[in-house]
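A.B. asks: sequence and predicted structure, then a few things I'm wondering about:
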Amino acid sequence: MRRDRGIIQTTFEGDTYTSQASGSLADWTIVFTPGGEANRKMKADVDELCLALPGIRVLNGQCTNMKVTLSLGSGRYVDMKIELPSTYPREPPILALDYFVECGFAESSGKINHALLSNWSADSNLAVVVCAVVDDICSCAAQAASARNQPIHSPRVAGEQVPQTFPLLQDLSIVELQNMLLEEESFDAFVSSTDFGQKLHKSLEQSIQRNIQLARDNQAKEAAITDLKGQISVIRSSEYSESKEKYDSLVARFLEVSDKLDPRSLTQMVENAMLELDEQSDALESRLVSGDISVDKFIPEFLSMRKNLHYLELAQGSAQSDGVIGLNLSDGKGA
């Protein structure tokens, strides 16, 4: 027994009991730390549970917190947490679901109050109890899915089945396995000692060497890239301006020609020519009335104007029907 100020610590059969006063002498907190036989039993029970329930995950180095994902069917999954209290194996494990599942022994919070947990004793088998609880949860979920005419999926634990033996790990102690789970350096050292790890390391080294060589090749091309950039700068400062000016001129000419060949522009030209001929014929008629021109000269000029005006009217109608004007507008005559 060890007694400090406000603390009394006792060891019995490898287990440690720590009593600590808080506030007043009447207010004591007793903490139980498993050791000796209890600690060995807990580790053995956890090992057996991991073999009996593939897919279980250990969350801490003391192996007192675990989690397993259960398949409830119809694409539904739920995580069940398994916690071994400090008083284990005298007290039962604490099981809880992430959310409420209708199974008759689960509280709304997800905590499981199964009969096997209520009847727990220090001699109870952890793997048997947990697997029985899992089976009952999945059975209730299957019955509920069957009542809703939904398909039932298996296995009870989500994910691929884990093999029962691991030749590479069978010679390792529990401590070494725990270190590999919790320490990245230990895991890397173990992987590097295996044939697969050595092949992986060799492949990684080859990839690194290839990347280094690619980087050196890129650096070797730096001078050529700089030279090409200089040539581009020269082209932009000299030849580019002249080529850009020629290009802009050609674009402007193209737009000008396109505008003249536009059906709307051609139609407008026809209308302007018709208006001009109509005005010329009216002026010629006025000259005849005023006596400025003889009848012999009036008749052929007037007929020529009216003939050309008639051609333009026909061209305008053709343009409106099929968008093609078959005229030589330079002299106002039909083609």
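C.D. replies: Cool, got the structure. Numbering: from 1, shown residues only.

A.B. asks: put the alpha carbons of stretch 169-182 into CSV.
C.D. replies: Output in CSV follows, covering the C-alpha atoms of stretch 169-182 (Å, rounded to 0.1, in the frame of the first residue of the first chain):
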residue,chain,number,x,y,z
LEU,A,169,2.2,-11.7,-38.3
GLN,A,170,2.0,-15.1,-36.4
ASP,A,171,5.5,-14.7,-34.8
LEU,A,172,4.8,-11.1,-33.6
SER,A,173,3.8,-10.4,-30.0
ILE,A,174,0.7,-8.4,-29.1
VAL,A,175,3.0,-5.4,-28.1
GLU,A,176,4.6,-5.5,-31.6
LEU,A,177,1.2,-5.6,-33.3
GLN,A,178,0.0,-2.7,-31.2
ASN,A,179,3.1,-0.7,-32.0
MET,A,180,2.5,-1.3,-35.7
LEU,A,181,-1.1,-0.1,-35.4
LEU,A,182,-0.3,3.1,-33.5
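
A.B. asks: could you give me the buried positions within it?
C.D. replies: Under the neighbour-count criterion of 16 or more other CB atoms under 10 Å, stretch 169-182 has 177-180 buried. Every residue, glycine included, has its C-beta placed from N, CA and C.

A.B. asks: give me the subset of these lying in helices.
C.D. replies: 177-180 (DSSP state H).

A.B. asks: phi and psi next, for residue 71.
C.D. replies: With angles defined as degrees, to the nearest 10, residue 71 sits at phi -100, psi 120.

A.B. asks: and what of residue 183?
C.D. replies: phi -120, psi 120.

A.B. asks: per-residue confidence at residue 12?
C.D. replies: Among the per-residue scores, residue 12 shows a pLDDT of 51.

A.B. asks: same deal with residue 219?
C.D. replies: 90.

A.B. asks: so where do the strands sit in the chain?
C.D. replies: Counting by DSSP state E, one finds strands in the chain at the ranges 2-4, 7-12, 15-22, 24-33, 57-58, 65-73, 76-83, 94-97, 327-328, 333-334.

A.B. asks: which stretch in the ones you listed has the least confidence?
C.D. replies: Taking the mean pLDDT of those, strand 333-334 comes last: a mean of 43.

A.B. asks: who's residue 70 bridged to?
C.D. replies: residue 78, residue 157 (DSSP bridges).

A.B. asks: verify the contact between it and residue 134 for me.
C.D. replies: Yes - in this structure, residue 70 is within contact of residue 134 by CB atoms under 8 Å, at 6.3 Å.

A.B. asks: what's the burial count for residue 45?
C.D. replies: Neighbour count of residue 45, defined by other CB atoms under 10 Å: 21.

A.B. asks: below-threshold pLDDT in the stretch 201-335 of the chain: ranges please.
C.D. replies: Applying pLDDT under 70 to the stretch 201-335 of the chain flags the ranges 319-335.

A.B. asks: cutoff 80 now
C.D. replies: Residue ranges of the stretch 201-335 of the chain with pLDDT under 80: 236-241, 259-266, 315-335.

A.B. asks: in it, which spans are helices?
C.D. replies: Secondary structure of the stretch 201-335 of the chain (DSSP state H, counting those that start in this stretch): helices located at 222-237, 239-260, 263-290, 295-322.

A.B. asks: in stretch 289-303, which residues are buried?
C.D. replies: Neighbour-count burial for stretch 289-303 flags 293, 298, 302 (criterion: 16+ other CB under 10 Å).
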